[in-house]
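Trainee: got a sequence here, can you model it:
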Amino acid sequence: MNQHARGTFEVKLAPQPSTDLELAAVLGRMSLDKQFHGELEAVGKGQMLTGGTAIKGSAGYVAMEQVSGTLQGRKGTFLLQHSGTMNRGVPQLSITVVPDSGTGQLEGLSGKLEIRIEGGQHYYDFDYSLPSAP
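Mentor: Numbering: from 1, shown residues only. Predicted structure coming up:
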């Protein structure tokens, strides 16, 4: 059954130390800490790897995030896999639920999440599928 959830979220990124100072100029690692509000009331925790270039506005990142809370009243956890690039200021982003990562009442969850930022506020739109409630 295809469903849709939307709302806002806050995100805190914290740079993590690099063990290789030479690579630290181009590669970075950060922890993610999110709070989702709306039809997804949850906490997201994860790790992000970033890569920058000498060209302003070009970069990439990958991240894994565990989301824990309720999705339209169904409680559980799931994993999100992020892959993003910026090509001279033009973003491309894919955020997908990792197959078979749903637990509790979110078992069997699949879907894609999109984010947008307007006026400094982060918004999510989550198109997902869940088996019928037991």
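
Trainee: identify each buried residue in the helix or strand hosting residue 41, please.
Mentor: According to DSSP states H and E, residue 41 maps onto strand 40-52. Of all the residues in strand 40-52, those buried under the rule 16 or more other C-beta atoms under 10 Å are 40, 41, 42, 44, 46, 48, 50. Where C-beta positions appear, they are placed from N, C-alpha and C, glycine not excepted.

Trainee: same check on stretch 96-115?
Mentor: 97, 101, 102, 105, 106, 107, 109, 110, 111, 113, 115.

Trainee: what's next to it, contact-wise?
Mentor: Residues outside stretch 96-115 that contact it (C-beta atoms under 8 Å, 6 or more residues apart in numbering): 9, 64, 71, 74-81, 93-95, 122-131, 133.

Trainee: quick one: distance of it to the chain centre.
Mentor: 12 Å (C-alpha atoms, centre = their mean, to the nearest Å).

Trainee: mind listing the residues bridging to residue 114?
Mentor: Beta-bridge pairing of residue 114 under DSSP bridges involves residue 125.

Trainee: what ranges does this structure have for its strands?
Mentor: For the chain, the strands defined by DSSP state E cover 2-15, 27-38, 40-52, 59-71, 74-87, 90-97, 110-118, 121-129.

Trainee: before we move on, back to that, in a markdown table, list the buried residues of strand 40-52 along with distance to residue 15 and pLDDT.
Mentor: Formatted as a markdown table, the buried residues of strand 40-52 follow (distance: C-beta to C-beta, whole Å; pLDDT from 0 to 100):
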| residue | distance to residue 15 | pLDDT |
| --- | --- | --- |
| 40 | 26 | 97 |
| 41 | 28 | 98 |
| 42 | 24 | 98 |
| 44 | 18 | 98 |
| 46 | 14 | 97 |
| 48 | 10 | 96 |
| 50 | 9 | 94 |
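
Trainee: let me know the closest of the buried residues of stretch 96-115 to residue 25.
Mentor: residue 115 (27.5 Å; C-beta to C-beta).

Trainee: worst mean pLDDT across the helices and strands of this structure, which element?
Mentor: Using mean pLDDT, DSSP states H and E, the weakest-scoring helix or strand in the chain turns out to be helix 21-24, at a mean of 71.

Trainee: export that helix to CSV, keeping only CA atoms.
Mentor: Below are the C-alpha coordinates for helix 21-24, written out as CSV (Å, rounded to 0.1, in the frame of the first residue of the first chain):
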residue,chain,number,x,y,z
LEU,A,21,45.7,14.8,7.8
GLU,A,22,46.6,14.6,4.1
LEU,A,23,43.1,13.2,3.2
ALA,A,24,41.3,15.5,5.7
